[in-house]
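Asker: Let me see the structure of the following:
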Amino acid sequence: MSKLQDSIRILKHLTPVRVWNLCLLRLSYMFAKLTKNTKHLGLPFSLSIEPTTACNLGCPECPSGLKQFTRPTGKIDLTFHEQILNQVAKHVFYINYYFQGEPFLHPQFLTLIRAAKKRKIYTATSTNAHFISPEKAEEIVLSGLDRLIISIDGLTQETYSNYRIDGNLAKVLSGSKFLVEAKEKHQSKTPYLIFQCLAVKQNEHELPKL
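Answerer: Model (predicted):
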């Protein structure tokens, strides 16, 4: 799947009500610019939901990695998640299921994805790919997840672990391979895979090859 195809896929999650909501948001924005009045008519069209605050890595710029949260560590409750979806499904058509934790540490993460897909919502997440076995890769493909960002951050274990503390590059590469194989097995265009690299001094020489 190309970036253009992914964008088209997002648009396919629109409904008449969601389109109308976008129009209201646009009109509110234009009205605010003209009048300096910030009153708005529409409702949010996208959300970011954090499945869990836990993470297996110790990245130095992340509160989750540093274990320095000012809020409790935990995972989202399935019932609470259902309540959220029931309240927003009419106008929300895009949900990012990640923030600072590793989503696949939530034992029922793909249940969250399937619940959103039942409501015709585009779903995206980001992972360090340490928990993707061949079986999990198939589950991910069959869940309907639309987009998956994989953090790689280096082509050697040395450069990778410079930032991804306690990480294993071999697991990232094998997990990525399992996902590609699962997509091919099920002839699925999703999830749209994006490899993300945080450019730092220690790995910048690897970026062209990456």
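Asker: Let me see the ranges of the helices in the protein.
Answerer: Taking DSSP state H as the criterion, the chain contains helices spanning 3-11, 16-35, 63-66, 78-88, 109-118, 134-143, 157-163, 169-185.
Asker: can you tell which of those is closest to Lys201?
Answerer: Closest of the helices of the chain to Lys201 is helix 157-163, at 9.1 Å (criterion: CB to CB). From N, CA and C alone the C-beta is placed, and that goes for glycine too.
Asker: centre of the chain versus the closest one, how much separation?
Answerer: How far helix 157-163 lies from its chain's middle: 23 Å, per CA atoms, centre = their mean, to the nearest Å.
Asker: Low-confidence stretches in this protein?
Answerer: By pLDDT under 70, the low-scoring segments of the chain are 65-66.
Asker: so the residue nearest the centre of the chain bridges to which residues?
Answerer: In the chain, the residue lying closest to the centroid (CA atoms, centre = their mean) is Thr125, at 1.4 Å. Residues in a beta bridge with Thr125, per DSSP bridges, are Leu148.
Asker: these two touch, right, it and Tyr97?
Answerer: Yes. Thr125 is in contact with Tyr97 according to CB atoms under 8 Å; the separation is 4.3 Å.
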